[in-house]
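Colleague: kindly return the folded structure for what I paste below:
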Amino acid sequence: MRLALDEAAQARRGGDVPVGAVVLSGDGTTVLATAHNEREATGDPTAHAEILAIRRAAAKLGEWRLSDCTLVVTLEPCTMCAGALVQSRVDRVVYGARDEKAGATGSLWDVVRDRRLNHRPEVIEGVLAAECARILTEFFRNP
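Modeller: Numbering: from 1, shown residues only. Presented below is the predicted three-dimensional model:
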């Protein structure tokens, strides 16, 4: 999560909402990809940290299935990112701050654990939650 927080800080410096993400290999020790929000930087509405990290990890592995991988992200994924997590077959999602307004992994919706879907990753929430929330609160107070 510390590496994801470093990525979030990069997003903030670039004028984007400070969210950072990391994809770890199945052993949990190898970093496959890192990313931060780049919507403002690129003008791409899909340039969320999770989407970019998933794309980079898939490119590094040479396949779209991220089985055995873990996505670590500073903010609870939205519906778009939750859908990408299901589609990429990520095994585990670890996030820091809950997103009561747009979260889709347990707070507002629970897309990733919907029994109607063919893949349901494990979700671990609240890792360094206060620190993850603080960087977001500071950004929106002092944009």
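Colleague: pretty sure Ile124 sits in a helix.
Modeller: No: per DSSP: H, G, I helix; E, B strand; the rest coil, Ile124 lies outside any helix segment and is strand.
Colleague: pLDDT wise, what is it at?
Modeller: You'll see Ile124 listed with a pLDDT of 98.
Colleague: quick one: it and Ala130, what's the gap?
Modeller: Distance, Ile124 to Ala130, by CB to CB, to the nearest Å: 16 Å. (Glycine included, C-beta is placed from N, CA and C.)
Colleague: what about Arg55, which helix or strand?
Modeller: helix 49-61 (DSSP states H and E).
Colleague: and the next helix or strand past that helix?
Modeller: Using DSSP H and E, the helix or strand that follows helix 49-61 in sequence is strand 70-75.
Colleague: so which elements touch that next one?
Modeller: With contacts taken as 3 or more CB pairs under 8 Å, 6 or more residues apart in numbering; DSSP states H and E, strand 70-75 sits against helix 2-13, strand 20-24, helix 49-61, strand 92-97, helix 129-141.
Colleague: what's in contact with the helix or strand that that strand is followed by?
Modeller: Next helix or strand after strand 70-75 toward the C-terminus (DSSP H and E): helix 79-87. For helix 79-87, the surrounding residues in contact (CB atoms under 8 Å, 6 or more residues apart in numbering) are 46, 48, 50-51, 54, 71, 73, 77, 93, 102, 104-105, 109, 111-112, 117-121.
Colleague: tell me the most buried of the helices and strands packed on strand 70-75?
Modeller: Among those, judged by mean count of other CB atoms under 10 Å, the one packed with the most neighbours on average is strand 20-24 (a mean of 27).
Colleague: what strands flank it, and is each parallel or antiparallel?
Modeller: Applying DSSP bridges, strand 20-24 is found paired with strand 31-36 (antiparallel), strand 70-75 (antiparallel).
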